[in-house]
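**Q** Quick one, fold the following:
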Amino acid sequence: MERLQFHFSGGAPSAGRTCVGVVGSGDLEVLLTPDEPGRIDVEVTTSVNGMSAIWQAQLERIFASHAWPALHVEINDFGATPAVVRLRLEQAREALESTR
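**A** Have a look, this model is predicted:
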């Protein structure tokens, strides 16, 4: 298991929190909670060691794709593909927006 941390720019703090996905074979769980204004702090716990550069590139693409609120993002990964990572983060974002 490897624990990775990343930091990105965000907007105003999110108004709520959400959790999507499950940790299981080839899947991951994403938990979003409000963070300090302007910050997106990401913690990834993954079963696949040595993939920090891949995670960095994938998360940069996702958080640059549109405006995200200030969030603390916790990702618990069990070997998910980049497509599943994007899917779960987008699902979490939509769930968070629907709680407004």
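**Q** Helices along this structure, start to end?
**A** 52-64, 82-98 (DSSP state H).
**Q** Make CSV out of those helices and add mean neighbour count.
**A** Quick note: C-beta positions are derived from backbone N, CA and C, even for glycine. Shown next, in CSV, are the helices of the chain (neighbours: other C-beta atoms under 10 Å):
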stretch, mean neighbour count
helix 52-64, 15
helix 82-98, 16
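**Q** Relative to V20, which of these is closest?
**A** V20 sits nearest to helix 82-98 of all the helices of the chain, at 4.6 Å, using C-beta to C-beta.
**Q** How many residues are close by G10?
**A** For G10, the neighbour count with other C-beta atoms under 10 Å is 23.
**Q** Make 20 the first number, not 1, from now on.
**A** I'll keep to 20 as the first residue from here, and by that count the last item is G29.
**Q** next one: phi and psi at it?
**A** Dihedral pair for G29: phi -130, psi -180, per degrees, to the nearest 10.
**Q** who's in contact with it?
**A** If you count contacts by C-beta atoms under 8 Å, 6 or more residues apart in numbering, G29 has them with D54, P56, G57, R58, I59, F82, W87, P88, A89, L90.
**Q** Please apply the same query to E79.
**A** By C-beta under 8 Å, 6+ apart, the neighbours of E79 are F27.
**Q** Would you mind listing the residues in contact with S33?
**A** Contacts of S33 by C-beta under 8 Å, 6+ apart are L51, T52, P53, D54, P88, A89, L90, L115.
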